[in-house]
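**Q** sequence and predicted structure are below.
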Amino acid sequence: MEAVILDVDGTLADTERDGHRVAFNLAFEQLGLDHRWDVEAYGRLLEITGGQHRLHAYLEGEGMGEAERAELVPRLHARKNELFQELVAAGRIRPRPGVPELLDALERAGVRLAVATTGSRAWVEPLLAQLFGAGRFSPVITGDEAPVRKPDPSAYHQALEGLDLPPRSVVAVEDSANGLVAARAAGLACVVVTNGYTAGHDLTGAALVVDTFEDLDVATLGQVLASA
């Protein structure tokens, strides 16, 4: 095992529940809208990929016409992104339990760390630096470089290219079915660490499924790769 490639949203941190959802609600409030998404409702909305697509589908369901949505959604989404970055800068988003310890152990073992996410670089890099220290991951592939969202494997292909390693020497760590499909399509063995939003996903094809990073260590990831 020469490297581990990790997803960010829902994997390294519960950014969907504790970050994006909170920022959407703040944006609704600041733009004078009464809508609010609780944890359960946002979980259902996550079935729609992409923040603007999510907003369009939700607001259409609330009876808002196309012309009004065309004007409001980009403005609402832009403000949400600004608020999310403010939450990151304020330290409001924390790593999932066990993540810092696993990263430290991998680095001590000489295993390289990389990121493959379809989140935007504008918030991904500040979040990684805030939680884990700048320069911890290389390469960091974001939606800026791989704009087609998972389950498309392009983010993983680019991460492997940046590492200059074959898939057989790398493990992917994800939290969701879409991430799993993307990693497998790139030829990677994939460990899935579920969260409250993804525990019910069809995770067929995962090399290992666990509920928490505290169930993972360097030896376990190495065994996953060897058996794959």
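**A** That came through, no problem.

**Q** dump stretch 43-58 to PDB, keeping only the CA atoms.
**A** Extracted in PDB, the C-alpha atoms of stretch 43-58 (Å, rounded to 0.1, in the frame of the first residue of the first chain):
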ATOM      1  CA  GLY A  43     -30.800  13.600   3.800                       C
ATOM      2  CA  ARG A  44     -33.600  13.100   1.400                       C
ATOM      3  CA  LEU A  45     -32.500  16.100  -0.700                       C
ATOM      4  CA  LEU A  46     -29.000  14.600  -1.000                       C
ATOM      5  CA  GLU A  47     -30.400  12.100  -3.500                       C
ATOM      6  CA  ILE A  48     -30.300  15.100  -5.900                       C
ATOM      7  CA  THR A  49     -26.600  15.800  -6.800                       C
ATOM      8  CA  GLY A  50     -25.400  19.300  -7.000                       C
ATOM      9  CA  GLY A  51     -26.400  22.300  -4.900                       C
ATOM     10  CA  GLN A  52     -28.200  24.200  -7.600                       C
ATOM     11  CA  HIS A  53     -30.000  21.200  -8.900                       C
ATOM     12  CA  ARG A  54     -31.100  20.500  -5.300                       C
ATOM     13  CA  LEU A  55     -32.400  24.000  -4.900                       C
ATOM     14  CA  HIS A  56     -34.300  23.900  -8.200                       C
ATOM     15  CA  ALA A  57     -36.000  20.600  -7.400                       C
ATOM     16  CA  TYR A  58     -36.900  21.700  -3.800                       C
END
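
**Q** what's the domain layout of the chain?
**A** Domain assignment of the chain by automatic domain parsing yields the ranges 3-14+94-227, 16-89.

**Q** pick the most buried one from those.
**A** Among the domains of the chain, ranked by average contacts under mean count of other Cβ atoms under 10 Å, first place goes to domain 3-14+94-227 (a mean of 19). In this view, the C-beta of every residue, glycine as well, is placed from N, C-alpha and C.

**Q** and that domain, end to end?
**A** End-to-end distance of domain 3-14+94-227 (Cα to Cα, to the nearest Å): 16 Å.

**Q** please begin residue numbering at 23 from this point
**A** Okay, using 23 as the starting number, the last item reads as domain 25-36+116-249.

**Q** show me where this structure has helices.
**A** 37, 43-52, 61-67, 73-83, 88-111, 121-130, 143-154, 176-185, 199-207, 240-249 (DSSP state H).

**Q** by how many degrees do the longest one and helix 43-52 diverge?
**A** Think helix 88-111. Calculated by axes from the mean of the first three to the mean of the last three Cα atoms, to 10 degrees, helix 88-111 forms an angle of 120 degrees with helix 43-52.

**Q** packing partners of helix 88-111?
**A** helix 43-52, helix 73-83, helix 143-154 (3 or more Cβ pairs under 8 Å, 6 or more residues apart in numbering; DSSP states H and E).
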